Structures are given as structure tokens and as C-alpha cells.
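Student: requesting a structural model of the entry that follows:
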Amino acid sequence: MNACADGVDRPFTVLVLCTGNSARSIMAEVLINRLGHPRVRACSAGSRPTGIVNPHALVQLRASGFDVDGLRSKHWDEFATTSAPPIDLVVTVCANAASETCPLWPGAPQTVHWGLPDPAAASPLEISAAFADAFAILGQRISGWLGDSPADAGRKGLLQAARRMELALLAAPQPPAIDTAAWRRRI
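Tutor: Residues are numbered from 1 along each chain as shown. Next up is the predicted model:
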């Protein structure tokens with residue numbers, strides 16, 4: 001079942017993009033679906049999907065108590081058809097996806113860039129830590145975004161909070177220290 005299938009009283013819908021749709025965007029999709037349920041739902045896709053979810057992303061998600069059944073690497077064209085659900089927000093998590101020309105999405109969504117380094121590019125000795133760090137950074141950002149928008153703020157409030165998060169990331173010279181314990185209590 002497509003987590004972004006449309007409904008009458010549909011939740012705010014986020015499409016998370018990364019070129020390969022195998023690691024960062026997959027982890028963000030899962031985190032948004034858990035932390036934002038029921039008012040926010042997420043899907044992820046890539047411009048050049050790898051066709052598989054990175055095994056290290058799956059290990060990280062399982063270790064954090066997430067169900068990984070049904071996760072798959074998808075092409076962004078799946079979400080650019082007239083039959084696709086309206087998208088409210090597009091979040092790019094890698095510099096490549098942020099600089100590519102994207103299709104026209106149903107719903108004419110706002111786009112923000114919440115980039116972070118590719119954990120799959122880490123050395124074999126550092127890859128587990130890189131995935132744990134990427135997961136924690138995504139969790140902190142998503143928790144901050146959702147926490148910055150009151151539950152009754154609606155689509156406009158979620159869009160404004162997403163833009164504030166993007167501006168805060170642009171102003172920061174490097175990722176802030178991760179308070180893993182604080183956001184993990186929310187999942």
C-alpha cells in the first residue's frame with residue numbers, strides 16, 4: 001500500500017528526495033511517518049534510484065525499532081503523475097537532488113533543502129557510525145520541525161516551520177550537536 005495514497009481528510013504530505021533514494025530519504029520517510037502520525041505522512045523518492053534500500057539504513061532503522069517491511073527505492077516520477085497524491089512539501093536531503101530540475105508535483109508544493117552528508121560514502125570502519133549520525137540528525141530536524149508547528153496550525157503552519165528549519169540550517173556553519181536522547185523519547 002502506498003503510504004501517500006490520497007484520502008478525503010488527507011494529512012499534510014511530504015515527499016523526501018535524494019538522488020539514490022536508498023538511505024537518507026528512506027530514513028527521513030520512516031521518521032516523519034512515525035513522528036508526524038497522524039497529521040503528517042511521508043514518501044520518498046530519487047531522481048536516479050538505486051533500486052534497493054541501503055542495508056546499513058535497514059540495520060539502523062531496525063535497531064531503532066522501526067518496521068522496514070515495504071520500504072523500497074522509488075523513482076520520483078511515481079509522484080509526478082496526475083494520479084499521484086497532492087504533495088504539500090518537498091524536502092531534499094542531498095545536494096544533488098537539491099540542484100536538479102524536479103518534475104511538476106501535484107499540489108504545487110513548497111520545496112526546502114535539509115541537506116546532510118551521505119552516510120553511504122563513509123569508510124567501511126566508519127559506516128555504522130555515519131548511518132547512526134545521519135539518522136540522529138534527521139530525527140532531530142524532523143522533531144524540531146514538527147515541534148515548531150502546533151498540532152492545530154494546519155498546512156500553513158507546517159510549511160512555515162519547514163522554511164524556518166531550512167533558514168536555520170543555512171545559517172549554521174555546521175550541524176548542531178545531536179541530543180539523541182531528547183528526540184528518541186518522541187519515537
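
Student: how about the strands in the chain?
Tutor: For the chain, applying DSSP state E gives strands covering 12-17, 40-45, 89-92, 110-113.

Student: so which of these is nearest Leu71?
Tutor: strand 40-45 (8.8 Å; C-beta to C-beta). Placement of C-beta: from N, CA and C, glycine included.

Student: pull up the pairing partners for that closest one, direction included.
Tutor: strand 12-17 (parallel) (DSSP bridges).

Student: and the strand it pairs with, how far out from the chain's middle?
Tutor: 7 Å (C-alpha atoms, centre = their mean, to the nearest Å).

Student: ok, and for stretch 156-172, which residues are buried?
Tutor: Buried positions in stretch 156-172, judged by neighbour count with 16 or more other C-beta atoms under 10 Å: 158-159, 161-162, 165-166, 169.

Student: of these, which belong to helices?
Tutor: Using DSSP state H, the members of those that fall in helices are 158-159, 161-162, 165-166, 169.

Student: nearest residue to Val40 other than its sequence neighbours?
Tutor: Spatial nearest neighbour of Val40, excluding adjacent residues (C-beta to C-beta, 6 or more residues apart in numbering): Phe12 at 4.7 Å.

Student: what does Pro119 give?
Tutor: Pro119 sits nearest to Ala130 (C-beta to C-beta, 6+ apart), 3.7 Å away.

Student: please apply the same query to Leu31.
Tutor: The spatially closest residue to Leu31, leaving aside those adjacent along the chain, is Ile142, at 5.0 Å (C-beta to C-beta, 6+ apart).

Student: right, I'll call it a day here.
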